[in-house]
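Asker: structure of the sequence below:
(one chain, ligands or ions: 1)
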Amino acid sequence: MASRPEGVVAAAGVRRVFGGTTVLDGVDLRIEQGEVVALLGASGSGKSTLLRILAGLDGEASGEFTTSESKAVVFQEHRLLPWKRVADNVALGVRGRDAKERAATVLDEVGLADRGAAWPSELSGGQAQRVAFARALIREPDLLLLDEPFGALDALTRLRMQSLFGRLRSKHGFAALLVTHDVDEALLLSDRLLVLDEGRIAEEIKVDLGHPRAVDAPGFGDLRRHLLGLLHVPAGPEEL
Ligand SMILES: Nc1ncnc2c1ncn2[C@@H]1O[C@H](COP(=O)(O)OP(=O)(O)OP(=O)(O)O)[C@@H](O)[C@H]1O
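Answerer: From the prediction side, this is the model:
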């Protein structure tokens, strides 16, 4: 096993082949306690595949990897059970007499203190995603594995959720692997950024911009241009 003294993820030489096609071809990755790492890469580069492997949802990968036992996953879709009320979705599988109280606390933290009795179908997309975060946080995980968690939201809701993520992070101190297509989101939320290409981590960039940060922080634009270049995306309309 890859050694993981104090880190929450240690992976070395992770490989995954689907029907003769090599999607991951020797991924090395380490995430420290409390560190937020964004994973970028072209569509089909294997980001979700890597996240699923680390989440323990894919038993077919080879290589060495170990993660903290205390982890939770949030996907692009909320995956709430439609027949359970919001608070019961959050408390699902949590044992102990204080489960209800803890569900109320985390719902309050995500700004939904008054929606515990609602059904998932009564929530907006953004609210449902807030519940998905509450459900992840109720167990106080060391590690969040996030697969485009804001990807299905409209632009304004997305900005609000990014800011909520920052607040939750300062309060709970979790580490996270954040799969995203959004370069600004990666730069706003992460301490370090990885670019997956041809089955490997092709680039690693430290994001030394401080917290909280905004898109007009000094240095943001330079990093953004650098990253768009790596991803072969034009930085603006003049380059199209
Ligand atoms: N269960 C599967 N069976 C066969 N091929 C798969 C399976 N899961 C993923 N793949 C293939 O692996 C490659 C990587 O997929 P993956 O979803 O990990 O990419 P991604 O970088 O997350 O893409 P996107 O950004 O579009 O979500 C794709 O070519 C995909 O078709």
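Asker: drop to CA atoms for contacts and neighbour counts, all remaining ones
Answerer: Noted.
Asker: contacts only, for the most centrally placed residue in the chain.
Answerer: Of all residues in the chain, the one closest to the mean position by CA atoms, centre = their mean is L146, 2.4 Å from it. Each residue near L146 by CA atoms under 8 Å, 6 or more residues apart in numbering is listed here: L51, V73, V74, F75, A176, L177, L178, V179.
Asker: just Q129 next, same as before
Answerer: E77, H78, P149, F150.
Asker: okay, those residues in JSON lines with neighbour count and pLDDT next?
Answerer: Putting the contacts of Q129 into JSON lines (neighbours: other CA atoms under 10 Å; pLDDT from 0 to 100) gives the following:
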{"residue": "E77", "neighbour count": "17", "pLDDT": "92"}
{"residue": "H78", "neighbour count": "20", "pLDDT": "91"}
{"residue": "P149", "neighbour count": "24", "pLDDT": "95"}
{"residue": "F150", "neighbour count": "26", "pLDDT": "94"}
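Asker: which is the next helix or strand following the helix or strand hosting D28?
Answerer: Element membership of D28, judged by DSSP states H and E, is strand 21-31. Downstream of strand 21-31, the next assigned helix or strand under DSSP H and E is strand 36-41.
Asker: what's that following strand packed up against?
Answerer: Contact partners of strand 36-41 among helices and strands, from 3 or more CA pairs under 8 Å, 6 or more residues apart in numbering; DSSP states H and E: helix 47-55, strand 175-179, helix 183-189, strand 192-197.
Asker: pull up the pairing partners for it, direction included.
Answerer: strand 175-179 (parallel), strand 192-197 (parallel) (DSSP bridges).
Asker: could you export the longest one as CSV, CA atoms only?
Answerer: What follows is the C-alpha trace of strand 192-197 in CSV, where atoms were taken according to Å, rounded to 0.1, in the frame of the first residue of the first chain:
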residue,chain,number,x,y,z
ARG,A,192,-3.4,23.0,-5.3
LEU,A,193,-4.5,22.2,-8.8
LEU,A,194,-3.9,19.0,-10.8
VAL,A,195,-4.4,18.6,-14.6
LEU,A,196,-5.1,15.1,-15.8
ASP,A,197,-4.0,14.3,-19.3
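Asker: between it and strand 21-31, how many degrees?
Answerer: Interaxial angle, strand 192-197 versus strand 21-31 (axes from the mean of the first three to the mean of the last three CA atoms, to 10 degrees): 170 degrees.
Asker: quick one: contacts of the next helix or strand after strand 192-197?
Answerer: Next helix or strand after strand 192-197 toward the C-terminus (DSSP H and E): strand 200-206. Residues from elsewhere that reach strand 200-206, judged by CA under 8 Å, 6+ apart: L24, D25, G26, V27, D28, D191, R192, L193, L194, V195, L196.
Asker: only whichever of these are buried, select them in PyMOL.
Answerer: Buried subset of the contacts of strand 200-206, written as a PyMOL selection, criterion 16 or more other CA atoms under 10 Å:
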select buried, resi 24+25+26+27+28+191+192+193+194+195+196
